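Asks: sequence isn't available, so here's the structure alone:
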């Protein structure tokens, strides 16, 4: 396959150097124009980003493939130079990453809903009346004390929010290829766990036994007297950024999901900065000992999801104002990019390609783009590319990719 | 391969919605500049296309791969989101589609030439002196009455034009992997049919027997006293647009070739509109019950092949004038594209990427392109892409692709 061939070449030519790459990711950065005809990024007063765009080279990047709206997992895998269509991070694992659960290789994770069962054991409400998160915590606490997994297996139960939770099994020889127990409708009983491959048969029996204990413990707790499991899966076995490129990467991110994704690709993940404003300080603190700095800004995506273009613009302006402090650390290469677009008008992730820039004094060919915006970048020298090609180009500008062939 | 990975993702996230996509294809649209420095598309007075370009997003698209001149088959497969290098529609099948022969799965089709044989059975003219089409019809009519295929096999013989015709075999267990019987030179006998795989052995014997009967019947008919067969093949077994994306597509096209290609990908193909001017009416007539409307304009290609840039410009202007009537139907997404370029100066298909636009109010990021032309589109926000990515982006804008990954 194309990406596998490329991966093998990138790995062969990767070399470790002391040069440093600042990889600044605005979550959900891409947008659509508001009534004034400008996107939040275009409208933002962002002189520092504009300077990087002017001195650097810009382009637009498809996180997955043209037309495909990426979730956070595929978007970040693309940013980190993986082929997101080939390395899938399932929903159970993302749920674990999203709440900061320290999931390990081999763990089997699934999301669960508390649900309501009638006297015959049939589902009457798949969401248990959306019980409050506090009630969820109380029930999870009780189940942790009382439910006993079989010998050799550890069970973890975690509250996510409202009726939603996370179940993780840890132990030797567990399989994760299990169908959902959620029947996706009411009036029928929850499905028994069903193995989708032979090596998951034993796990299916373990899950059934645990679910039986849970239902026993929840007796009389209607509306939350049952659970439905969905999205069983396990950490994908993917090579780390260190394995691939000899990088010593570190993640500066506030939110569990992105910290988890960073851990997944082998980044060091120090404690989360307490605020957006703390990002530059946190970056400076970890400057020694690393050569790749994944800096994640969540609030652009949040503002997009909230349908608030002004807030999105303000977040960009706030981070722009922090850039001089970061540049004082003298990174050799700066990349500014995004994992996907989140237009405020759509209040959701979208398929639009993301703008990105590479700034690298001395090695970059400036492309006459004068400011950092979606449409400026669309006319940029990097053209339109797959997002997974962005990181290797940053490596090249940092002198971390040797010549291929004589 | 990359495209297979993409195909699997596109299929997974495809969702059926009531939104409608108008997919307007100008055959051979791309051109080269005339003496005034403008291509026919650039020179055309096409205010409606220009408006769509201004309000939409534009780009240039490689139907197959950079530098590859596509035939009609690969060009349209790319337009319909297939990888044209992986799904080949062979010459026999294209010949069948081109004359509107209702070819079915499993049929074996080949093109034939009437040829001239000397007394020893050697070819003296591979094109039988280019007999007139009327003579061809007369001979085909006689052969249909007299040539008897073996039990269980149906034989179809069709006139194409001049010395050219189509032969189709229908029956159980036929193979299509046969070498040409055309020796490609004179002074030698036609080659016997030769199977290229074991499952075509029986078919080779059937072909030889039929050819022997034909030569027997054509005795004394010199210059048309033999036939040479080329391009044996069968309908490729490709998934339909409905299988892939849940679409309910319909084809509004005048010419058999494009109607056949549409049928190949599972479109509904109502009777052909009687004229170019009838296209909007035909579109309106089939507006209910479909969500994807492939509208094919042949005459841009014809004008290009004829070396007539003025005629090409006029066709564009004529269709442009029809656009308001089509837009009154309120499609959610409009795509204007082409299957390949046919520069009048070259009087032939060419490898130049084709201009295309996507218009989708509310979800498209307008790209500052002010008119619809090859060079305007080359600066457009869609960049340069493989043509097979165009359809998925139209689906995305129509809300027909869900998010990939959590």
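Replies: Nice, thanks for sending it over. Quantities reported herein were computed from a predicted structural model and do not represent experimental measurements.

Asks: bridged to whatever residue of the stretch 251-400 of chain A ends up closest to chain B, which residues?
Replies: Proximity of the stretch 251-400 of chain A to chain B (Cβ to the nearest Cβ) peaks at residue A:384, 3.1 Å away. C-beta: built from backbone N, CA, C; applies to glycine. Residue A:384 has these beta-bridge partners by DSSP bridges: residue A:60.

Asks: where do the helices of the stretch 151-300 of chain A begin and end?
Replies: Applying DSSP state H, counting those that start in this stretch to the stretch 151-300 of chain A gives helices spanning A:201-217, A:241-245, A:256-264, A:279-285, A:299-305.

Asks: the residue of the stretch 251-400 of chain A closest to chain B contacts residue B:380, correct?
Replies: No: Residue A:384 is beyond contact range of residue B:380, at 10.2 Å (criterion: Cβ atoms under 8 Å).

Asks: what do these two both touch?
Replies: When contacts are counted by Cβ atoms under 8 Å, 6 or more residues apart in numbering or on different chains, residue A:384 and residue B:380 are jointly contacted by residue A:378.

Asks: tell me which of the two has more neighbours.
Replies: Higher neighbour count among residue A:384 and residue B:380: residue B:380, with 26 against 19, using other Cβ atoms under 10 Å in any protein chain shown.

Asks: hang on, that one packs against residue B:60?
Replies: Yes: counting by Cβ under 8 Å, residue B:380 does reach residue B:60; the two are 7.5 Å apart.

Asks: the stretch 1-150 of chain A against chain B: which residues are in contact?
Replies: Proximity of the stretch 1-150 of chain A to chain B, by Cβ under 8 Å from any Cβ of the partner chain, involves residues A:1-3, A:32-33, A:39, A:60, A:64-74, A:83-86, A:88-91, A:94-95.

Asks: narrow the residues you listed to those that are buried.
Replies: The neighbour-count test (16 or more other Cβ atoms under 10 Å in any protein chain shown) marks A:3, A:32-33, A:39, A:60, A:64-74, A:83-86, A:88-91, A:94-95 as buried among these.

Asks: list the contacts of the residue of the stretch 151-300 of chain A found nearest chain B.
Replies: Per Cβ to the nearest Cβ, residue A:231 is where the stretch 151-300 of chain A lies closest to chain B, at 8.2 Å. By Cβ under 8 Å, 6+ apart, residue A:231 lies in contact with A:90-92, A:95, A:110-111, A:180.

Asks: max pairwise distance over the residues you listed: which two?
Replies: Within the contacts of residue A:231, A:95 and A:180 form the most distant pair, 13.5 Å apart (Cβ to Cβ).

Asks: the closest residue to residue A:213 other than its chain neighbours: neighbour count?
Replies: Leaving aside its sequence neighbours, residue A:213 sits nearest to residue A:147 (Cβ to Cβ, 6 or more residues apart in numbering or on different chains; 4.6 Å). Neighbour count of residue A:147, defined by other Cβ under 10 Å: 17.

Asks: residue A:147: what's it in contact with?
Replies: Shown in contact with residue A:147 (Cβ under 8 Å, 6+ apart): A:155, A:157, A:210, A:213-214, A:217.

Asks: and the closest residue in space to residue A:317 that isn't next to it in sequence, what pLDDT?
Replies: The spatial neighbour of residue A:317 that comes closest, neighbours along the chain excluded (Cβ to Cβ, 6+ apart), is residue A:44 at 5.2 Å. The model reports residue A:44 with a pLDDT of 98.

Asks: got phi/psi on residue A:44?
Replies: Dihedral pair for residue A:44: phi -60, psi 140, per degrees, to the nearest 10.

Asks: so where's chain A uncertain?
Replies: Filtered on pLDDT under 70, chain A yields the residue ranges A:1.

Asks: please redo it, this time with the cut-off set to 90
Replies: Scanning chain A for pLDDT under 90 picks out A:1-2, A:87-92, A:94-95, A:97-100, A:105, A:161, A:222, A:236-237, A:256-257, A:406.

Asks: in it, which helix is the longest?
Replies: Secondary structure assigned by DSSP state H gives helix A:309-327 as the longest helix of chain A.

Asks: ok, then the element right after that helix?
Replies: Note on helix A:309-327: by DSSP states H and E, the next helix or strand toward the C-terminus is strand A:333-337.

Asks: and the angle from that next one to helix A:309-327?
Replies: Computed by axes from the mean of the first three to the mean of the last three Cα atoms, to 10 degrees, the angle separating strand A:333-337 from helix A:309-327 equals 170 degrees.
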